[in-house]
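A.B. asks: following is a predicted model, sequence given first.
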Amino acid sequence: EVIYRHDRDTPPKQVLDTRVVHDMNVMLHSVVEEGSGRRAKIEGIVAAGKTGTSSDNRDAWFVGFTGNLVASVWYGNDDFSVTNGLGGSTLPAMTWREVMVEASKNLPPKPIAGVQPKTASSSTEPSDNAKPVAVDASHLAPQSRQVLLGIADLFRQTQSHMAHKEPLD
């Protein structure tokens, strides 16, 4: 049964009041700026998102967006076993950040509706995001590590293609 369909040739229908969208964006932005999603913060890019951890730490995730891109990172075990204390504010948020840093290269920053980006003079805290975050992925399954390496390779290919106008493999 089709739940929703949108013809790309027609403008989308606005279903939420603009104020509601702005308020939600501000709340989700505060998660990244000063809440549980601080590890997803990207220097120079306005981001918003939400961390999550299921009961008994069986799943951990971070869903976030910038003015350009939306992505979700989920970690869990296919056999429904616990993830040894992994929470959405740790490896999922850090992975999201690393993926989005790569994906955002060469993209002009776009605003998020309702969110006023902080200027350098308005922040009193030094940012620890100027350098890539070292992620301890030693507890990941070999297949998970391989998938993450494959994603990194795709971003490198895309960057090379954009820089040299070469066809992608």
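C.D. replies: All right, it came through fine.
A.B. asks: in the protein, where is pLDDT below threshold?
C.D. replies: Residues of the chain meeting the criterion pLDDT under 70: 119-141, 143-145, 147-148, 152, 154-169.
A.B. asks: so where do the helices sit in it?
C.D. replies: Secondary structure of the chain, counting by DSSP state H: helices at 18-34, 91-104, 142-164.
A.B. asks: hmm, residue 40 is touching residue 62, no?
C.D. replies: Yes. Using CB atoms under 8 Å, residue 40 is in contact with residue 62, at 5.9 Å. Every C-beta, even on glycine, is put in place using the N, C-alpha and C of the backbone.
A.B. asks: report the set of residues contacting both of these two.
C.D. replies: Jointly contacting residue 40 and residue 62 under the rule CB atoms under 8 Å, 6 or more residues apart in numbering are 49, 93, 96.
A.B. asks: if you rank those residues by neighbours, which is first?
C.D. replies: residue 49 (30 neighbours; other CB atoms under 10 Å).
A.B. asks: quick check: closest non-adjacent residue to that one.
C.D. replies: Distances taken as CB to CB, 6 or more residues apart in numbering put residue 64 closest to residue 49, at 2.7 Å, once the chain neighbours are dropped.
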